[in-house]
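Visitor: could you look at this predicted model? Sequence included:
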Amino acid sequence: MEFLGPILFLLLVVVLVGIALNTTVLGRGMAMPLRQMLKKPSTSQYPEQPRPVTPRFHGRHQLNRYDDGLEKCIGCELCAWACPADAIYVQGANNTLEARWSPGERYAEDYQINYSRCILCGLCIEACPTRALTMTHDYEFSSDTRRGLVYTKDMLLAPAPEGAPDTPHRDKDVRERGHNYYGGKAVSPPGLHGGDHLPATARTMSRASQVLPMAPESEADWGDAPGREED
Amino acid sequence: MGLEENLPSGILLTNLEKFVNYSRSASLWPATFGLACCAIEMMSMGGPRHDAARFGMEVFRASPRQADLMIVAGRVSNKMAPVLRRIYDQMSDPKWVLSMGVCATSGGMFNNYAIVQGVDHVVPVDMYVPGCPPRPEMLLDGILKLHAKIRGETFVEQGSK
Amino acid sequence: MTDTVTLTIDGKEITVPKGTLLIRAAEQLGTIIPRFCDHPLLDPVGACRQCIVEVEGQRKPMTACTTEAADGWVVNTHLTSDVARTAQEGQLEFLLINHPLDCPMCDKGGECPLQDQAMAHGNHHSRFVDEKRKYDKPVAVSAQVLLDRERCVLCARCTRFSDQVSGDPFIELFERGALEQVAIYEDEPYESYFSGNVIQICPVGALTSTSYRFKARPFDLRSTPSVCDGCSAGCSQTVQARRGQVERQLARTNMAVNEMWNCDKGRFGYGHLTADTRLTSPLVRSDDDGEEPVAADWATALTRVRSILAPDGEVVPTAVLSGGRLPDEDAYVAGKFARTVLGTDDVDFRTRFAPASEGDALAALAGRDTATYDDVEQAGVVLTVGLDPEEEVPILYLRLRKAWRNTKARLVSVGASSGSLAELLWRRLPTDVGAEAAVLDDLARALDRDGDDADQSSPMVAEVADALGSVDRPVVLVGERAGDGALAAAGRLADALGGKVAWVPRRSNARGALDQGLAAGLLPGLRRHDDDTQRAEVAAAWGLDELPTRGRDLHEILTLAGKGKIKVLYLLGVDLVRDVADQRLVDKALRRATVITHDIVANATTAHADVVLPVTASQERAGTRTNWEGRRQQFRPGVAGPQLVQHDWEILVQVTGMLGHDLGFTDLDGIRADMAALAPIDTTPDWPAAADRSDTAAAADDGDDTLTADVYPLLLDNGVHQVNAPDLAATAHDPHLRLHPDDAAPLGVSDGDEVTVTGGKAELTLPVRVTPDQAAGTVFVPANSTAPDQVDNPRHLGDRVTVAAVASGSATADQPVEVNA
């Protein structure tokens, strides 16, 4: 029985402390840290276990490719136009029959994003007409020089899909593949025309009689122009 | 240095460098230098969620005398530039500068008369963190890269700064 | 009847002259009716139907660009009328049906009227779901112009430009209906000096430029208003640069000069700025001769210049040849430098051997109110003397053609040939090369007569004289090829008629060099060396006691240099090897004299030079240029140029400093202030009197078997503007010779046959064109042409040459021609 006294005393202390914690200002203030001490810390263990970012996170850019390895970017500079920070530099150039980087006439000869200016707003992604430019979840690209923040085309370009050759492709090979690069999204998918313009010396100007058939039989026919058969 | 003569050359100094650099990188105290929206993310970095204390830099010092690292967080206006430089000069050596966000790095989207086009026009910068604003992880990434850089430094380099 | 009409557009009343188109009347009210085919300088055609407006009381909506405003009409545009707005939206939808909408790839994207109007006035959704029309693309219409027929909206601006303005109707609309398309004739290439304009006026991306293909977007480009330095036309242009490099040049609207056009040379001739052969640092030849000059820094080069000019502290005899391209300010500095620092009056801006009398005639010209483009357009009768406008000053040709087309101006050519102007000529007065003055004097005499000595002049001369007398202000344009006394004779003729005269040189600032006194006997501000007061005035302004004694002209300078009497030739952008006709003289001079030269691009003369100083090109400097009208136009730099190049005047100021003198200025403003102190005086010298020409007339009649060479370069030759501009160079007209049918007949040659011209030791073989435009007894020889083996061809204007057909199997053709002069 001699233990009852201390037990009752302890109980009383607990009750009093409980009452103090619940009713007094000081007690309510002390309750919070006490409760938190029992919880698991919420600190993210960043370098070892980075927390996943949201699916639409705006990270570093990437220039995408079609399944056959051709680049989606056509060098139109709409991204540069949309950029509020003037962080994108694009230099367009002409695809030729020997070296084709993208479908259509034009490709990006040089493509640079200056991450010391880019605010990762994603307006360029919205502007891109071919979905060539998208954003990845990569955000670890601090650098100790400003030059190191300028990403060039080879750094931004996604690797060629497995089995697909790297660009440039030969125009003839691309035409043989007959790939529909715009996925049926355009009313008239732009063909592969413009691989080269006819040289000025050979002036075989086509008259209307040489016009293409109005309704191509298959996708492969798009852009196969009369008088442009390659040897 | 009497010891040097009795040892194969270089051993003591390199090890001392490593030791000192480790100590410096492991307790890098930042000066409070929030200039704009980036400062919110910088504060978040110091809070419990990201907890910079894990890397020995829990205390943001309000006095430049007690800080080693200046995190320039936000766009530096031309009016602020001399202030920034004065605070940098008041920091005791060795000291480092981290430019947080594109505005501090290059002026960012504010390519105008009011904003210094890159804080490196005013103070030497050791690490540039892109983003607008960079999320705390990006800042931590920059700080960790800075740590690595500090560990690789030599006394000579530090002295020449 | 009044000649104005009053109508209401969108509720606002406006009074306009009768005949004003609705679209122009609306513009005056600030209402821009959307349009594609309409162009203020082309005839209305109503091809695109985009400018539809509603006119109250009319059964259907009408096209504003073809309808003339009528009194009392109430017009409602798309701003106030639903009918007009829906009609425009529908029309735009139609135009876009076959448009490929490949704007991201298209060079016009961002500055495309079709794009803008689809955004502003279009329906944002198309109801068209079928396959679009497909064409092969792009097709090279010429080396410079690419055609994309899918994008074309058939506005016919390009074909109307070719037909109405430039007169090269090589580009035309073919076929009908959905397949209607722009094309060129299969057997005739689109060969025009003005083809670049169709690119600029194309309202869609159907015609694009090869040299600008995928180079930039409008927002990349920094535009600078500038003035072209291709010829003396003085066209306003816009230089557009990206990352410090000129990417494109456009015609800038200047209704007083080039209207809205320019020529391909002015538009595409900027490759030399970035050519491999561009001089980017000073070159100095080491002391032992024979080696090519090697790169050096400016200090070394300028020290070398000092030791060449003043080896013992005294300036050695030096001549300054300035060329006709220096801007006014640089020309002034060159003149002051020569006379005060070098102490010589041996300066000449010409690169041809001028007759001795030319100085007086030019001095008389410079003080006068000379003809302008507007005078040419309104003259009614225009006399061209020794001038081939399309090859020499193309924009002047456009203005002559406009006068011919719009006001039925009667064009008369005096001289050995008039090139493509021949198609427009009303009368032709053929002369031997350099004998134009005699015909002009005949004309003046025919005007004087009161019917009594009519028998003395030929009926043609009398007819032309009558025509000249029948209009108020006829214009006489004298080319720089015109012979001895022609300019003075033309001046006297114009004065007698109350008309105007103009001297049309080729080089962009020859007229400015004249005003700045860059020829022996002339001084800045129209002053003369032989007038004591004026000479003293200049000497006082320049702080000299006395100006150097009167100098020599180019021929004499080169002769003296060859003899070692003139030790140093200081060249300011002059390529003696290319430009001067007498190569033996040049060769001797270059070998004997020490040569210091300023130039942009390496050439044959810089290879001979001892010091080569790199200078900025026109697009890289500021200054003022005076065109053939005497119109002074300022321009400023569009790009910075290579780091180490300097302006001509900067170099001259530094050389002056090295020689211990001071020109009194160190910047452009200072030069202008200095020039202002020698502002042109008010003087109208008399034209030199007519020379007695009986002996020269006899000389032409000596009846030998030679022809006179009519030598001048074509527009696109081997000049600086064609360096590193392969697309431009590819459109150069094929070099050819021209012969009169009477001269061709004895040779048995016809169009296209190869013919050899031989003059002295030099000879040149080219295809021939047989044309009555070439005066009998003369043969046209292109100078500095793109034909191979140019170094040693006959190129002295007025040389006697023999012509022979190249044997092509038939033995009979290989005979010298017999000429009956």
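Guide: That came through fine. Everything numeric in this text was worked out from a predicted model, so none of it was measured.
Visitor: only C-alpha atoms for contact and neighbour calcs from this point on.
Guide: OK.
Visitor: helix or strand right after the one helix or strand residue C:336 maps to?
Guide: Taking DSSP states H and E as the criterion, residue C:336 maps to helix C:328-336. As assigned by DSSP H and E, the chain's next helix or strand after helix C:328-336 is strand C:347-348.
Visitor: burial count for the closest residue in space to residue B:52 that isn't next to it in sequence?
Guide: Sequence neighbours aside, residue B:46 is the residue nearest to residue B:52 in space, at 5.1 Å (criterion: CA to CA, 6 or more residues apart in numbering or on different chains). Counted with other CA atoms under 10 Å in any protein chain shown, residues neighbouring residue B:46 total 20.
Visitor: what does chain B have sitting close to chain A?
Guide: When proximity is defined by CA under 8 Å from any CA of the partner chain, chain B lies next to chain A at B:48-51, B:101-103, B:105-111, B:125-133, B:137-138, B:140-142, B:145.
Visitor: which elements pack onto the helix or strand containing residue A:90?
Guide: Assigned by DSSP H and E, residue A:90 belongs to strand A:88-94. Packing contacts for strand A:88-94, counted by 3 or more CA pairs under 8 Å, 6 or more residues apart in numbering or on different chains; DSSP states H and E, involve helix A:78-82, strand A:106-114.
Visitor: show me what counts as buried in the longest one.
Guide: What that stands for is strand A:106-114. A:106-109, A:111-114 (16 or more other CA atoms under 10 Å in any protein chain shown).
Visitor: quick one: contacts for residue A:114?
Guide: Residue A:114 is in contact with A:87-88, A:149-151, counting by CA atoms under 8 Å, 6 or more residues apart in numbering or on different chains.
Visitor: between those residues, which has the most around it?
Guide: Result: residue A:88 is most packed of these (other CA under 10 Å), 23 neighbours.
Visitor: quick one: it from chain B, how far?
Guide: Noted for residue A:88: a distance of 12 Å to chain B, by CA to the nearest CA, to the nearest Å.
Visitor: with the contacts of residue A:114 in mind, which one is nearest to residue C:760?
Guide: Of all these, residue A:88 has the smallest distance to residue C:760: 62.6 Å, by CA to CA.
Visitor: quick one, helices of chain A?
Guide: Listed in chain order, the helices of chain A (DSSP state H) span A:4-23, A:25-38, A:78-82, A:123-127, A:153-156, A:171-177.
Visitor: one step back: averaged pLDDT, the helix holding residue C:336. What do you get?
Guide: Averaging the model's pLDDT scores along helix C:328-336 yields 94.
Visitor: so where's the chain uncertain?
Guide: With no chain named, the answer covers chain A. Scanning chain A for pLDDT under 70 picks out the ranges A:1, A:183-231.
Visitor: wait, chain B was what I had in mind.
Guide: Looking at chain B by pLDDT under 70, you get B:1-5, B:7, B:9-14, B:156-161.
Visitor: quick one: the helices in it?
Guide: Going by DSSP H, chain B shows helices at B:2-6, B:11-26, B:38-46, B:81-90, B:101-106, B:136-151, B:155-159.
Visitor: right, so those: which one is the most enclosed?
Guide: helix B:101-106 (a mean of 32; mean count of other CA atoms under 10 Å in any protein chain shown).
Visitor: please identify the most buried of the helices of chain A.
Guide: Most buried among those, given mean count of other CA under 10 Å as the contact rule, is helix A:78-82, at a mean of 22.
Visitor: what is that helix packed up against?
Guide: By 3+ CA pairs under 8 Å, 6+ apart, helix A:78-82 packs against strand A:88-94, helix A:123-127.
Visitor: repeat the analysis, applying 6 Å as the threshold.
Guide: In terms of contacts (3 or more CA pairs under 6 Å, 6 or more residues apart in numbering or on different chains; DSSP states H and E), helix A:78-82 is packed against helix A:123-127.
Visitor: who are the neighbours in contact with the residue most central in space within chain A?
Guide: Compute the mean C-alpha point of chain A, and by CA atoms, centre = their mean the closest residue is residue A:134, 2.1 Å away. Contacts for residue A:134 (CA atoms under 6 Å, 6 or more residues apart in numbering or on different chains) come out as A:61-62, A:125.
Visitor: now, which of those sits nearest chain B?
Guide: Among the contacts of residue A:134, residue A:61 lies closest to chain B (CA to the nearest CA), at 12.3 Å.
Visitor: what's near enough to touch the closest residue to that closest one other than its chain neighbours?
Guide: Excluding the flanking residues, the one nearest residue A:61 by CA to CA, 6+ apart is residue A:135, at 4.3 Å. Counting by CA under 6 Å, 6+ apart, residue A:135 touches A:58-62.
Visitor: then residue C:160?
Guide: Taking CA under 6 Å, 6+ apart, one finds nothing in contact with residue C:160.
Visitor: report the mean confidence score over the host helix or strand of it.
Guide: Under DSSP H and E, the secondary-structure element containing residue C:160 is helix C:157-160. Per-residue pLDDT over helix C:157-160 has a mean of 91.
Visitor: return it as CSV; C-alpha atoms alone will do.
Guide: Coordinates of each C-alpha in helix C:157-160 appear next as CSV, following Å, rounded to 0.1, in the frame of the first residue of the first chain:
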residue,chain,number,x,y,z
ARG,C,157,2.0,41.7,-107.8
CYS,C,158,5.2,40.0,-109.1
THR,C,159,4.0,39.6,-112.7
ARG,C,160,2.7,43.2,-112.7
